[in-house]
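Undergrad: coords please:
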Amino acid sequence: MQTNYVALAIVVGYMVSLGLLTSIVQRSVTTTATFTSGTSGRTGVPAVLVGLMLMSEFIGTSASVGTAQEAYIFGISAAWNIIALGAGFLFYAYFLAGKYKESGHNTISAVFAEVYGQETKIATSLVMIFALQTVAVALYAGGGAILSALLAVDRTVATVICGNVAVFYVFMGGMKSVVYTNVIHSIVKYIGIGVAVYFGLAKVGGLRELQAHLPGEMFSWANVGLSQIFAWFIAGVGATFSTQYVIQAINTVETRQKAKAASLYAALLLVPFGIATALVGMCSLALFPGIKSIDAFSALIERMDGAMAGVVAAGLAASLFGTIAAISVSTATLLYKDFYARLVAKEDEAQSLHFIRVTTIVVGLLPIALAIYTPNILQVTFLAKAVRASLSVLVVLVFYAPWFGTRTGALWSILSSLAGTVAWFMMGNPFGIDNAYVALVVPLVVMGLSLMVERIRTGKVAQAPASNPRSASD
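TA: Have a look, this model is predicted:
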């Protein structure tokens, strides 16, 4: 490998330009509300921009590099991993976007607190922070794989560089900069993945030649297995239903109608991206059989000329920085609202903003060490989705069946689902049962059992723990 200086210059130029935009946006970030929500006063963000932002946040390097890695092994069926997210946003648009918007909250833990109490709120916050940090691990691993190809350095060094640069970028502007820079990131991502597919197919000789080079099952939409595809849908839908930065993004629009529209825009944009990313992995298999699957995307970039590699790498850089920005700001928001604000008797606006900015640095740096040792990016990403899927069960119950279960049941369902899902993942998904199924079933079982116990204890049908979340300022 040799350092691709032209490609590297394009990526650096792109990031410097975004850094300048972020620094300009930062001038208007003077309060914690502006940093965490992205809005000031009554001015909302257009729905189409929020839709682009939502799409951008879900297709980081973990999705791009991870899906290509999976497609290197299973073919076009790997696209379901991202298509499932599109389905998630479709359901989100019709069933939850308006309800989240009308709740007036911009943290999932605050929504739960109204129905299940403060203990569940804290548990939810901790689980969400764990899930978001897990996503960050996969993001840095994917970014390191690409940067190592550009710099011709060890992937460990590249991962450390990725993490530190991303942290500095996020520190600058908060959610307000995320909204606007992620729109640019979305466009660059699409251009980058389009160039990568074009290059791959051109090198192979076209789609017909790709079919001739690869086994027929690589073009089967069910090759990865129906169980895995369904598990992806559980995790994908669950992730969109309960991810912190989705809720924060939805709250940047003004009405429930715009919240619905933003979700639909995100759904439409995700499907073609998933198919294109899978094709990249398949082209890499045809061109470079025998390489490590994690290098499927980076191997293709290594063969491009400087300018073309720079465009694709800039798109992947956009994937990294766009998503890590949303994750860091969301994590900082949870730590500020659910812990700092509760412990500090008298808040000072300047100190609070300083706390959030410092927190974004800390939560950005922590995942770097684990990212170095991540062998399968998509599996780690999927674990994070599965953990969030367990929360999505309670999200549906909160808005549509608050009478099902009890406060104690809600707390234990969150804790037991987290422990069970992670343990199942660590054991390698025994009996071929994916950890997403564990994340889905455990909360339902625990909440159902808690309701039965309550009925037996009281001798009557348990009353709802509380009413549906009311509109309130978080």
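
Undergrad: residues of stretch 358-374 that come out buried?
TA: 359-361, 363-365, 367-368, 370-372, 374 (16 or more other C-beta atoms under 10 Å). Using the backbone N, CA and C atoms, a C-beta is placed for each residue, glycine as well.

Undergrad: Likewise for stretch 334-353?
TA: By 16+ other C-beta under 10 Å, the buried positions in stretch 334-353 come out as 334-340, 352-353.

Undergrad: start to end distance for that stretch?
TA: By C-alpha to C-alpha, to the nearest Å, the extent of stretch 334-353 from end to end equals 13 Å.

Undergrad: returning to what we had before: and the buried residues of stretch 358-374, which is closest to Gln211?
TA: Thr374 (32.1 Å; C-beta to C-beta).

Undergrad: hang on, the closest one packs against Ala145?
TA: No. The criterion here is C-beta atoms under 8 Å, and Thr374 misses it with Ala145 at 9.7 Å.

Undergrad: Strands along the stretch 101-250 of the chain, start to end?
TA: Ranges of strands in the stretch 101-250 of the chain, per DSSP state E, counting those that start in this stretch: none exist.

Undergrad: Quick check: closest non-adjacent residue to the spatially most central residue of the chain.
TA: Note on the chain: the residue nearest the mean C-alpha position is Phe58, at 4.3 Å, using C-alpha atoms, centre = their mean. Among residues not flanking Phe58 along the chain, Leu85 sits closest, at 5.1 Å (C-beta to C-beta, 6 or more residues apart in numbering).

Undergrad: Can you report how many residues lie near the one you found?
TA: By other C-beta atoms under 10 Å, 30 other residues sit near Leu85.

Undergrad: Give me the distance between it and Lys260.
TA: According to C-beta to C-beta, to the nearest Å, Leu85 and Lys260 sit 17 Å apart.

Undergrad: for Leu397, same thing?
TA: Leu397 is 21 Å from Lys260, where distance means C-beta to C-beta.

Undergrad: Kindly report the same for Leu391.
TA: Relative to Lys260, and taking C-beta to C-beta, Leu391 is found at 21 Å.

Undergrad: who's more crowded, these two?
TA: Between Leu391 and Lys260, Leu391 has the larger neighbour count (other C-beta under 10 Å), namely 28 against 21.

Undergrad: Now do the same contact list for that one.
TA: By C-beta atoms under 8 Å, 6 or more residues apart in numbering, the contact list for Leu391 reads 108, 124, 127-128, 238, 241-242, 414.

Undergrad: rerun that using 6 Å as the cut-off
TA: Taking C-beta atoms under 6 Å, 6 or more residues apart in numbering, we find Leu391 in contact with Ser242.

Undergrad: Can you report how many residues neighbour Ser17?
TA: Neighbour count of Ser17, defined by other C-beta under 10 Å: 12.

Undergrad: Spell out which helix or strand contains it, please.
TA: Ser17 belongs to helix 5-26 when elements are defined using DSSP states H and E.

Undergrad: do the same with Ala423
TA: helix 407-426.

Undergrad: Please name every helix or strand in contact with that helix.
TA: Helix 407-426 is packed against helix 118-151, helix 377-400, helix 435-458, with contacts defined by 3 or more C-beta pairs under 6 Å, 6 or more residues apart in numbering; DSSP states H and E.

Undergrad: which parts of the first one are buried?
TA: When neighbours are counted by 16+ other C-beta under 10 Å, the buried residues of helix 118-151 are found to be 120-129, 131-151.

Undergrad: next one: stretch 77-88
TA: Residues 77-88 are the ones in stretch 77-88 that count as buried (16+ other C-beta under 10 Å).

Undergrad: Include distance to Val224 when you put those residues into TSV, please.
TA: Output for the buried residues of stretch 77-88, formatted as TSV (distance: C-beta to C-beta, whole Å):
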residue	distance to Val224
Ser77	4
Ala78	6
Ala79	10
Trp80	7
Asn81	9
Ile82	13
Ile83	12
Ala84	12
Leu85	16
Gly86	17
Ala87	16
Gly88	18
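
Undergrad: Throw those into JSON lines and include secondary structure, thanks.
TA: Shown next, in JSON lines, are those (DSSP: H, G, I helix; E, B strand; the rest coil):
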{"residue": "Ser77", "secondary structure": "helix"}
{"residue": "Ala78", "secondary structure": "helix"}
{"residue": "Ala79", "secondary structure": "helix"}
{"residue": "Trp80", "secondary structure": "helix"}
{"residue": "Asn81", "secondary structure": "helix"}
{"residue": "Ile82", "secondary structure": "helix"}
{"residue": "Ile83", "secondary structure": "helix"}
{"residue": "Ala84", "secondary structure": "helix"}
{"residue": "Leu85", "secondary structure": "helix"}
{"residue": "Gly86", "secondary structure": "helix"}
{"residue": "Ala87", "secondary structure": "helix"}
{"residue": "Gly88", "secondary structure": "helix"}
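
Undergrad: quick one: which of those is nearest Val197?
TA: The nearest member of the buried residues of stretch 77-88 to Val197, counting by C-beta to C-beta, is Ala79 at 12.0 Å.

Undergrad: Wait, the closest one touches Gly274, no?
TA: Yes. Between Ala79 and Gly274 a contact is recorded at 4.2 Å, counting by C-beta atoms under 6 Å.

Undergrad: give me the low-pLDDT residue ranges for the stretch 1-150 of the chain?
TA: Counting by pLDDT under 70, the ranges of the stretch 1-150 of the chain that qualify are 1-4, 19, 22-45, 61.

Undergrad: Repeat the analysis, applying 90 as the threshold.
TA: 1-66, 96-115, 118, 121, 125, 128-129, 131-150 (pLDDT under 90).

Undergrad: and if you look at the stretch 301-450 of the chain?
TA: Across the stretch 301-450 of the chain, residues meeting the criterion (pLDDT under 90) sit at 301-390, 402, 428, 431-432.

Undergrad: do that again at 70, thanks
TA: By pLDDT under 70, the weakly predicted segments of the stretch 301-450 of the chain are 345-347, 375.

Undergrad: and the residue nearest to Phe58, what does it touch?
TA: Shown in contact with Leu85 (C-beta under 6 Å, 6+ apart): 58, 236, 270.

Undergrad: Just put the residues you listed in TSV and tack on distance to Thr252.
TA: Shown next, in TSV, are the contacts of Leu85 (distance: C-beta to C-beta, whole Å):
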residue	distance to Thr252
Phe58	16
Gly236	23
Leu270	19
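
Undergrad: Dump the helices and strands packed on helix 407-426 into a markdown table; add distance to Val183 as well.
TA: Output for those, formatted as a markdown table (distance: least, C-beta to C-beta, whole Å):
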| stretch | distance to Val183 |
| --- | --- |
| helix 118-151 | 19 |
| helix 377-400 | 23 |
| helix 435-458 | 31 |
